[in-house]
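Peer 1: Quick one, fold the following:
(chains A and B, ligands or ions: 1)
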Amino acid sequence: MSELAVPEPDANVLARRDEIVAGLRSIVGDDGLVDSQEGRRVYETDALTAYRAVPLAVVLPRTTDEVAAVLAFLAREGVKVVARGAGTSLSGGALPSTDSVVLGLSRMNRILSVDFDNRTARVEAGVTNINITNAVAGQGFFYAPDPSSQLACTIAGNIAMNSGGAHCLKYGVTTNNVLGLRMVLMDGTIVDLGGEHLDAPGYDLLGVVVGSEGQLGVVTEATVRILRAAEGARPILMGFGSAEAAGACVAAIIASGVTPVALEYMDRPAIKVCEAFAKAGYPLDVEALLIVEVEGSEADMADQIERIVAVAAAHGPTVTRVSQSEAESAAIWRGRKAAFGAMGRISDYLCMDGVIPTGRLPEVLVRVGEICAGYGLQVANIFHAGDGNLHPLVLYDMNDPAELRKAEAAGADILKLCVEVGGCLTGEHGVGIEKRDLMAAQFSAADLDQQMRIKSAFDPGWLLNPAKVFPLDGRPEKDEGAA
Amino acid sequence: MSEVIAPADAAELADVVRAHAARTAPVAVIGSGTRASWGRPVDAGQVLSTRAMAGITLYEPAEQVVAAAAGTPVAALDAELAAHNQRLAFEPPDLCGFFGTDGEPTVGGLAAGNLSGPRRIGAGAARDSLIGVEAVNGAGEPVKAGGRVMKNVTGYDLVKLLAGSFGTLAVLTGVTFKVAPRPETERTLVVRGQSLDAAIATMGAALASPHAVTGAAYDPGGSATATTALRLEGFEGSVNRRIAALKDDLDLTGEVDELDAERSADLWRSIRDVSALAGSSPVWRLSVKPTAAAEIATALGPIAPVRLLFDWGGGLIWAMVPDDIAHAGAPTVRAAVAAAGGHATLVRAPESVRRSADVFQPLPEPVMRLTRAVKRAFDPQGILNPGRMYRDM
Ligand SMILES: Cc1cc2nc3c(=O)[nH]c(=O)nc-3n(C[C@H](O)[C@H](O)[C@H](O)COP(=O)(O)OP(=O)(O)OC[C@H]3O[C@@H](n4cnc5c(N)ncnc54)[C@H](O)[C@@H]3O)c2cc1C
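Peer 2: Below you'll find the predicted structure:
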């Protein structure tokens, strides 16, 4: 179907399927196991739907001890494991292989405790992102990183991908908001990293586990920071006649020293689709739209809005509209957060996630348009402008394999462009399978070897989510003794 | 005195490390050595300093990013940022006074120690501002991690591992930080005479308020009056409004004072640099959850007299213990953090004590096993700063 190579499944494991399933059943019981073909098919892909593989089996453990028993068993059997939260990964991070067992966290979704005095919450890793905020919102608190997928995605997936969101400009991404976690290593060892205190006693192992895409261990619990919400928040919509003007305005706002909570960008194709979906009152006759959000008390918000509008004036916005009500603010964000889903209703797309220095924004947007046009494809841009995290959506028709290949080629060109101007391949969606073969564009062989030695330090047998992140060529010899 | 070599660039430095790796000959890695006594003594015939590699290599104020060679003095970086009305958000301490050392702390040393000041509670630690590093690992290979953009999840976050690794994994040759705008002004609310319990409650309430408090520290005062300090930063009008609102919310009793920008800056500089504990008696640095502060203070009781300072709303505790106490009171301190959760580091002590006691918090077996595996992954021969963090590693 497509160009990304899938490693040859382990015939020995496939042949022993019944035995392996029986072993898993003896640990998690009938209702902790998904064995049927239809049942397993549910887990065959994630949000990178162009790639699919029905896994060997799916286990849905209820406790850390069950996770430990499952991993120890699978390590002994030499079976690969793909941990899974909600399966919303856009990079194929949760994509299984036919010879792997999916370990789903969906049954470990409790909020274990909330400590308002120390501003932390302890949760099971399968809890959804939004449910952490829901659990503390009554007291005026929230969990800051807010991926657009927050209704569905889990904190386990967020930790694995170091996910971000629109409000990360002010509050940071997952790694800046996780204080501790419980994790099971592939050999079944349970480790606690971090806690309710700040900073690591020795090496920041927590820091490297966050963003390791399920390759170092299976996270079962986490302690996260919760923050007191600002008194109020208010978005401003600003429309521009050109991408250049909007891009220059973003740079000017950042340079001015007022830090908005969010600074989001949409281009004309994206605005049209999102407006049709959310009826947010986005202006339709502009080339680019910025959503700039400020927060604080009424007086503070008024003050910041005045400063931002003054800075923006030099870049000639054709529309400037400050939200006048809670309902209007909600609609503005509904449109933005539903953007990917809304685009999905009109076309299949590949969502890119490169990051660039914000100063290069206008130029890069032009080149992204040219790259896609060169492949005869359309592109819509919806992204976190404040930190230079682009999300060009390359539109294609999934039923046409040639178009998928073109879209992937265009996507690769866009990401290489991001690296070329000083940025990186992925700002929040992770490498997964999607960007695995592009890693050499950003890293030298020595850089990648160093990262892979860390993989081997945690998982010597390379059984955890092995087909991801690193190019298939040039991997270290497996330590067979450990598998 | 061991010989000090200060290579002019990363390539030369890599050659030195490679030559030592080939002979399994240990090297002591320093910036300018102002904090060389933070950690266990390193026994190495060769001292490798990054101080000759200095200079800002990239600064884009509009993109809020700065990169510098590892030996660049922190002061030089600060001055350059200040000229553009920016700063490092994590408020790096200058511990020369605290350690009684002179010399210029370097940006590489700052990153290698993951050293953060009072603003850490809101703006994150050094590791959170550090977005990219260039380094030479223990095999003498140049490696990079992270980059110069604000968001980056490409591959593993080795930047986090190197921040706070005290030169035991790799020698940092270049660092890239994201920077923040300097606020227009700052102001500090000081409450005098609070007990520890009352201060922890006040700081907790302030940090749980929506008024964006960027510093919350308590000095029980030794022989002077106790002070609780709460800092607000931002635009003048906003700071005025928020400080008034904070006062209302906290419902403070006792003597309450408001420090103007200059006095506020002076106070937080001394908190940041732990100036109150200048001297030579042993000092512990504890990281705990803020509400454990009182329990810790009680548990440290047997080490009398102990001088305590609290920052990060109570989550960071500095404890100066008497000179004549065995092992700098290690068993008592370790037992206190074991009960409360968190960790303790013996940041200042005579060399003999740092050789015999554990300076860094001993780790549970599975975490120590991972720690050793990570060390091997970077420094297979174990030649970089051997023993600095853990006795046999
Ligand atoms: C419509 C839409 C909008 C999105 N918006 C954003 C956004 O704004 N910002 C953003 O950052 N991302 C966004 N994403 C991407 C995605 O939601 C995130 O990557 C999310 O964190 C994935 O969480 P999940 O629970 O779905 O994890 P999954 O997709 O199930 O898994 C993701 C990765 O985590 C690993 N993993 C899962 N559980 C564990 C565990 N317990 N231990 C170790 N590893 C584990 C998996 O192996 C996999 O590598 C969006 C996705 C969609 C579909």
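
Peer 1: Any residue of whichever strand or helix holds A:V273 touching the ligand?
Peer 2: Using DSSP states H and E, A:V273 sits in helix A:268-278. No: counting by CB under 6 Å from any ligand atom, the ligand is not contacted by helix A:268-278; separation bottoms out at 12.5 Å. The way it works is simple: take the backbone N, C-alpha and C, and place the C-beta from them, glycine included.

Peer 1: Kindly export the next helix or strand after that helix (C-alpha atoms) in PDB.
Peer 2: Using DSSP H and E, the next helix or strand after helix A:268-278 towards the C-terminus is strand A:288-295. Taking C-alpha atoms only, strand A:288-295 is exported to PDB below (Å, rounded to 0.1, in the frame of the first residue of the first chain):
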ATOM      1  CA  ALA A 288      -4.700  34.000   7.300                       C
ATOM      2  CA  LEU A 289      -6.400  34.100  10.700                       C
ATOM      3  CA  LEU A 290      -4.700  34.400  14.000                       C
ATOM      4  CA  ILE A 291      -6.300  33.400  17.300                       C
ATOM      5  CA  VAL A 292      -4.400  35.200  20.100                       C
ATOM      6  CA  GLU A 293      -5.600  34.400  23.600                       C
ATOM      7  CA  VAL A 294      -4.800  36.400  26.700                       C
ATOM      8  CA  GLU A 295      -5.800  35.600  30.300                       C
END
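
Peer 1: Could I get the contacting residues of the nearest residue to A:D348 once chain neighbours are set aside?
Peer 2: Closest residue in space to A:D348, ignoring its immediate chain neighbours: A:M398 at 4.1 Å, by CB to CB, 6 or more residues apart in numbering or on different chains. Residues in contact with A:M398, defined by CB atoms under 8 Å, 6 or more residues apart in numbering or on different chains, are A:T49, A:A50, A:D348, A:L404.

Peer 1: let's see 7 Å
Peer 2: Residues counted as contacts of A:M398 (CB atoms under 7 Å, 6 or more residues apart in numbering or on different chains) are A:A50, A:D348, A:L404.

Peer 1: what helices or strands is whichever strand or helix holds the last one leaning on?
Peer 2: It stands for A:L404. Using DSSP H and E, A:L404 maps to helix A:401-420. With contacts defined as 3 or more CB pairs under 7 Å, 6 or more residues apart in numbering or on different chains; DSSP states H and E, helix A:401-420 has these neighbours: strand A:348-351, helix A:361-374, strand A:392-396, helix A:439-442.

Peer 1: how big is the angle separating that helix from strand A:392-396?
Peer 2: For helix A:401-420 against strand A:392-396, the angle by axes from the mean of the first three to the mean of the last three CA atoms, to 10 degrees is 160 degrees.

Peer 1: Mind listing what's buried along helix A:401-420?
Peer 2: A:403-404, A:406-419 (16 or more other CB atoms under 10 Å in any protein chain shown).

Peer 1: Ok, stretch A:109-128 next?
Peer 2: Quick answer for stretch A:109-128 (16+ other CB under 10 Å): A:109, A:114, A:117-128.

Peer 1: Which single one of these is nearest to A:L169?
Peer 2: A:R119 (20.6 Å; CB to CB).

Peer 1: contacting residues around stretch B:356-368?
Peer 2: A:189, A:191, A:193, A:201-202, A:205, B:39-40, B:327-328, B:330, B:343-346, B:371, B:389-390.

Peer 1: next one: stretch A:346-357
Peer 2: A:90, A:273, A:340, A:343, A:364, A:388-398, A:407-408, A:411, A:414-415, A:418, A:421-429, B:60, B:63, B:148-149, B:151-152.

Peer 1: same thing with stretch B:50-66?
Peer 2: Contacts for stretch B:50-66 (CB under 7 Å, 6+ apart): A:251, A:254-255, A:357-359, B:6-9, B:31-32, B:67-73, B:77, B:80-81, B:84, B:86, B:106, B:108, B:148, B:171, B:173-174, B:176-180.

Peer 1: Show me the domain layout of chain B.
Peer 2: B:1-182+B:363-393, B:185-272, B:275-356 (automatic domain parsing).

Peer 1: Dump these to a markdown table, plus mean neighbour count.
Peer 2: Shown next, in a markdown table, are these (neighbours: other CB atoms under 10 Å in any protein chain shown):
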| stretch | mean neighbour count |
| --- | --- |
| domain B:1-182+B:363-393 | 21 |
| domain B:185-272 | 19 |
| domain B:275-356 | 20 |
